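**Q** sharing a model that was predicted from the sequence below.
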Amino acid sequence: MVGRLVDWVATQRDSIWVHWVQSNYLKGQEWMDYKPSTNSSWVWRRIYTVKEEMRAGYVNGQWGVQPEGFTPAGCYDWFKETRPRVQWFKAVWNGWVLTKHQFLGWLIAHKALNTAARLDSFGLDIEDICYLCGLATETIEHLLCECLYRRGIISELNTQIRWNLPTRDVLDWCMQRKGTAPQKGLQIALMLGTLYQVWHQRNKSRNENLLIQPESVAGIIMEEMRSRVRGRDRATMTIAERDWLKRMRLVE
């Protein structure tokens with residue numbers, strides 16, 4: 001949709017906004033060669049960034065991707081074809097993972113989780129110490145890999161399901177899962193469900209000054225996974241897959 005504004009300027013659309021842009025920003029410069037000043041607004045710099053991303057689609061100042069001219073849908077399809085699929089795609093957007101857990105995984109993949117360290121980097125007056133263990137700066141790496149509270153949850157889960165969940169590089173671990181589709185999906189769902197509960201408990205600790213024991217959090221995670229299994233059609237699973245679920249204590 002921002003690309004539509006880019007195309008309006010490129011084709012010199014007869015609109016008040018385009019005339020205003022030409023008068024106040026371009027001032028006779030070619031749009032494709034234009035660079036904004038450092039004090040330009042965030043919105044205008046964002047339009048410029050999208051223009052640079054679309055540059056390869058223009059020929060002699062005209063959008064050459066679609067014969068009928070620019071459309072947001074056509075631009076979207078073009079971006080999909082020209083950009084490689086991210087490696088974490090199947091780990092985050094997995095059908096076994098709950099939607100709220102998928103969204104958290106997406107934030108983690110983009111390093112966009114608003115940890116205390118990230119908020120502090122924005123200039124906010126906030127303590128950057130981990131709200132769960134209080135032993136280190138709260139970065140994504142610390143919270144999701146190194147935090148003792150998080151490790152306590154993992155340790156309890158490993159005891160309950162007799163399985164070695166990782167303590168580092170969680171998205172890489174998710175991408176490397178082996179087995180059948182249900183087995184891989186549930187392993188990923190269990191890990192992202194764990195990360196979600198870590199973040200959820202962190203927020204409760206920060207906002208409500210309330211922190212429950214890792215053993216109780218592990219119980220919540222296991223019950224979520226059991227509910228997820230109950231909601232799927234197990235009739236399509238093989239006997240080996242159903243036996244695997246029993247060993248994981250995800251079914252009775």
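**A** Ah, there it is. Residues are numbered from 1 along each chain as shown.

**Q** now do the same contact list for Asp7.
**A** Applying CB atoms under 8 Å, 6 or more residues apart in numbering to Asp7 gives the contacts Arg13, Trp63, Phe70. In short, each C-beta sits where N, CA and C put it, glycine included.

**Q** so which of these belong to strands?
**A** Trp63 (DSSP state E).

**Q** run through who's touching stretch 154-162.
**A** Here stretch 154-162 has contacts from 163-167, 190, 194, 214-215, 217-218, 221-222, 247-250, using CB under 8 Å, 6+ apart.

**Q** mark which of those residues are buried, thanks.
**A** The neighbour count (16 or more other CB atoms under 10 Å) marks Leu165, Thr167, Leu190, Thr194, Pro214, Val217, Ala218, Ile221, Met222, Met248, Leu250 as buried among the contacts of stretch 154-162.

**Q** tell me the confidence at the fourth one?
**A** Read it as Thr194. The model reports Thr194 with a pLDDT of 94.

**Q** where's the closest residue to it other than its chain neighbours, which helix or strand?
**A** Among residues not flanking Thr194 along the chain, Ile221 sits closest, at 5.6 Å (CB to CB, 6 or more residues apart in numbering). Assigned by DSSP states H and E, Ile221 belongs to helix 214-230.

**Q** how far does the next helix or strand after that helix sit from the chain's center?
**A** Next helix or strand after helix 214-230 toward the C-terminus (DSSP H and E): helix 239-247. How far helix 239-247 lies from its chain's middle: 31 Å, per CA atoms, centre = their mean, to the nearest Å.

**Q** give me the helices and strands touching helix 239-247, please.
**A** The contact analysis (3 or more CB pairs under 8 Å, 6 or more residues apart in numbering; DSSP states H and E) places helix 239-247 against helix 181-208.

**Q** in the protein, which residue is closest to the centre?
**A** Trp106 (1.3 Å; CA atoms, centre = their mean).

**Q** quick one on the thing from earlier: ok, now which ones touch the residue nearest to Thr194?
**A** Ile221 makes contact with Ile153, Leu157, Leu190, Gly193, Thr194, Gln197 under the criterion CB under 8 Å, 6+ apart.

**Q** dump those residues to TSV, plus distance to Ser23.
**A** Output for the contacts of Ile221, formatted as TSV (distance: CB to CB, whole Å):
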residue	distance to Ser23
Ile153	59
Leu157	62
Leu190	58
Gly193	54
Thr194	55
Gln197	54
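
**Q** pick the one among the residues you listed closest to Trp8.
**A** Nearest to Trp8 among the contacts of Ile221, counting by CB to CB, is Gly193 at 44.7 Å.

**Q** what's around Thr11, how many residues?
**A** 16 (other CB atoms under 10 Å).

**Q** give me the phi and psi for the residue nearest to the centre of the chain.
**A** phi -60, psi -40 (degrees, to the nearest 10).

**Q** any regions of the protein where pLDDT drops low?
**A** Judged by pLDDT under 70, the chain has its weakly predicted residues at 167-168.

**Q** could you list the domains of it?
**A** The chain resolves into domains spanning 2-82, 89-247 when parsed by automatic domain parsing.

**Q** what's the most buried one of the ones you listed?
**A** domain 89-247 (a mean of 16; mean count of other CB atoms under 10 Å).

**Q** show the end-to-end separation of that domain, please.
**A** End-to-end distance for domain 89-247, by CA to CA, to the nearest Å: 28 Å.

**Q** no further queries at this time; thank you.
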